[in-house]
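J.: Okay, sequence plus prediction incoming.
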Amino acid sequence: MAIVSNDKLTEAFSLALEDRSRGYADLVSNANAILSVMKQKGGMKTFSGPTIRERLLYAESGTYVRYSGYDFLNPAPAELFSDAEFTPKLAAVSVTLSGEDILKNSGPNQLKDVMEEHISAAERELTDRFVEDLHSAGTLTNQIGGLQLAVPTVEDSGTYGGIDRAAVPLWRTGSYDATTDFGAATTAANIHDQYTRVLINHSRGKNGPNLIAADATHFRLFQAALVAIQRVTKEGKLSTLGFPSLAFAGAGYELDVVLEGGIGSAMPSNTTYFLKLGEDGLRFRYHPDRNFVAFGGKQRPVNQDAVVQHLGFYGNLTLANPLFQAKLTD
C-alpha cells in the first residue's frame, strides 16, 4: 500500500470539496421545484451591504388627468417608491474527517471512498435543511423567512421586510380559506374552480403567479380532478426535471402544479401556494462570496486530531411584489 502523508491527504480532501462546492447552488436549486423555477425566472440575485433591500413601487403618481384644449395638466411630484429591508441569514454544514479515518484510508483509492461518503452526506444535509427552511415561518434562531412568513395565512399579520402589513394594505399577499371564502371544503369536484378564482384575483394583464405548489392532499385532489374532467392526467413541464407535477389550464394560464412537502418538510397540510417567482416576485438573495460554497479553508481543531471544512450560504428569501402571491387553505 502506498504511503501518503497526512497533510497531502487532508489537502486532497479540501481540494475535492472545493471543486464540488462550485455546483452546490445548482444542487440546492435542483432539489426543489420552487427553487428551480425561481432560478429559471432570474430570482437568484446577489446583494451587498449589511441588509438586503427590495425596491417597491407602492403608489401611483396621482397625475393622470382627462383634458381637452388648454386644460391644465397635473405635473405634481410624488413619492412612488420605498424599500423593504430583509436581514441576511447564515447557515452551514460541516464536513469532518478524523485523523484516524485519514490514516485508515491512506491509499488514494481508500481515501476517495471515505471522502465521497462524507461530502455526499453534507450535500444531502445542506439541501434537505434549506428546503425545510424554505417552507418555514422563520421563527427559529437565524432561520431564513420562508413561505409561511412571506405568504401568511392571516394577510394583515406581522411585520415583513420591515413593513407592517396591518398598516400597509398594499404589502399584503392573498389568503383564502376554502370553506369561508369559496363556500365549501376543497374536493376533486371544486379544486379547479377554486384554483381559477385565486388566480383571477391575483393576476393583472400578463402578470400573475407562475407556479402552483400544492401539498400532498391538494395535489391528490387536483390529480383526481384531471382524471374526471379531462379523462387524462397531463404532466406539467417540471416533470421533465424529475419533479412530480401536473398541468393547470384556466384563467388564461397554463401552469405547473407541483407536489411540495415530503419527509421532514414544513409545508403545511391542506395548502396550496400560488407564487410569482423571479424578477418582480419571490427571490433568494445571496452574498456573492457565500452562495452555497465551501468557506473558511481547511481547519484543524487545536485539541483534536481532525480536519474540518464548512460549506453554506449567507442570504434570505425576499419579496418584491405581494400582489401576485397567494395561498389556499382548507
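T.: Structure received.
J.: Low-confidence regions, the stretch 151-300 of the chain specifically.
T.: Along the stretch 151-300 of the chain, the parts satisfying pLDDT under 70 run over 228-237, 239-242, 251, 262, 264.
J.: ok, which stretches of it are helices?
T.: All helices of the stretch 151-300 of the chain, identified by DSSP state H, counting those that start in this stretch, fall at 178-182, 191-201, 216-230.
J.: tell me the contacts of the nearest residue to His192 once chain neighbours are set aside?
T.: Closest residue in space to His192, ignoring its immediate chain neighbours: Ala225 at 5.2 Å, by CB to CB, 6 or more residues apart in numbering. Any C-beta I mention is one placed from the backbone N, CA and C, and that applies to glycine too. Applying CB atoms under 8 Å, 6 or more residues apart in numbering, we find Ala225 in contact with 188-189, 191-192.
J.: For stretch 171-186, buried residues please.
T.: Using 16 or more other CB atoms under 10 Å as the test for burial, stretch 171-186 gives 171-176, 178, 182, 186.
J.: same deal with stretch 144-159?
T.: Neighbour counts over stretch 144-159 (16+ other CB under 10 Å) mark 144-152, 155 as buried.
J.: and the end-to-end length of it?
T.: Terminal residues of stretch 144-159 are spaced 15 Å apart (CA to CA, to the nearest Å).
J.: Repeat that for stretch 292-311.
T.: End-to-end distance for stretch 292-311: 6 Å, by CA to CA.
J.: For burial, what's the neighbour tally of Asn142?
T.: A count of nearby residues for Asn142, using other CB atoms under 10 Å, gives 10.
J.: Phi, psi for it please.
T.: Asn142 has phi and psi values of phi 60, psi 20 when expressed as degrees, to the nearest 10.
J.: wait, doesn't it sit right on Ala92?
T.: No - counting by CB atoms under 8 Å, Asn142 stays clear of Ala92, with 10.6 Å between them.
J.: Could you dump the buried residues of stretch 144-159 into CSV with distance to Tyr67 added?
T.: Formatted as CSV, the buried residues of stretch 144-159 follow (distance: CB to CB, whole Å):
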residue, distance to Tyr67
Ile144, 50
Gly145, 46
Gly146, 49
Leu147, 46
Gln148, 48
Leu149, 45
Ala150, 42
Val151, 41
Pro152, 43
Glu155, 38
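J.: now, which of those lie within helices?
T.: Residues of these located in helices (DSSP state H): 147-150.
J.: now these in CSV, with pLDDT?
T.: Compiled in CSV, these are given as follows (pLDDT from 0 to 100):
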residue, pLDDT
Leu147, 96
Gln148, 95
Leu149, 96
Ala150, 97
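J.: Turn these into JSON lines, including distance to Ile200.
T.: Output for those, formatted as JSON lines (distance: CB to CB, whole Å):
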{"residue": "Leu147", "distance to Ile200": "22"}
{"residue": "Gln148", "distance to Ile200": "24"}
{"residue": "Leu149", "distance to Ile200": "25"}
{"residue": "Ala150", "distance to Ile200": "21"}
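J.: hang on, the earlier thing: so which of the helices of the stretch 151-300 of the chain is the most surrounded?
T.: For the helices of the stretch 151-300 of the chain, the largest average neighbour count (mean count of other CB atoms under 10 Å) is found in helix 191-201, namely a mean of 19.
J.: nearest residue to Thr329 other than its sequence neighbours?
T.: With sequence-adjacent residues excluded and distances taken as CB to CB, 6+ apart, Thr329 is closest to Thr271, at 5.2 Å.
J.: List the contacts of the one you found.
T.: 214-215, 218, 327-330.
J.: neighbour-wise, which of those leads?
T.: Greatest neighbour count in the contacts of Thr271, by other CB under 10 Å, goes to Ala214: 30 neighbours.
J.: beta partners of it?
T.: On the basis of DSSP bridges, Ala214 is bridged to Leu259, Thr272.
J.: Double-check it against Ser245; I have them as touching.
T.: No - using CB under 8 Å as the test, Ala214 is too far from Ser245 to be in contact (9.7 Å).
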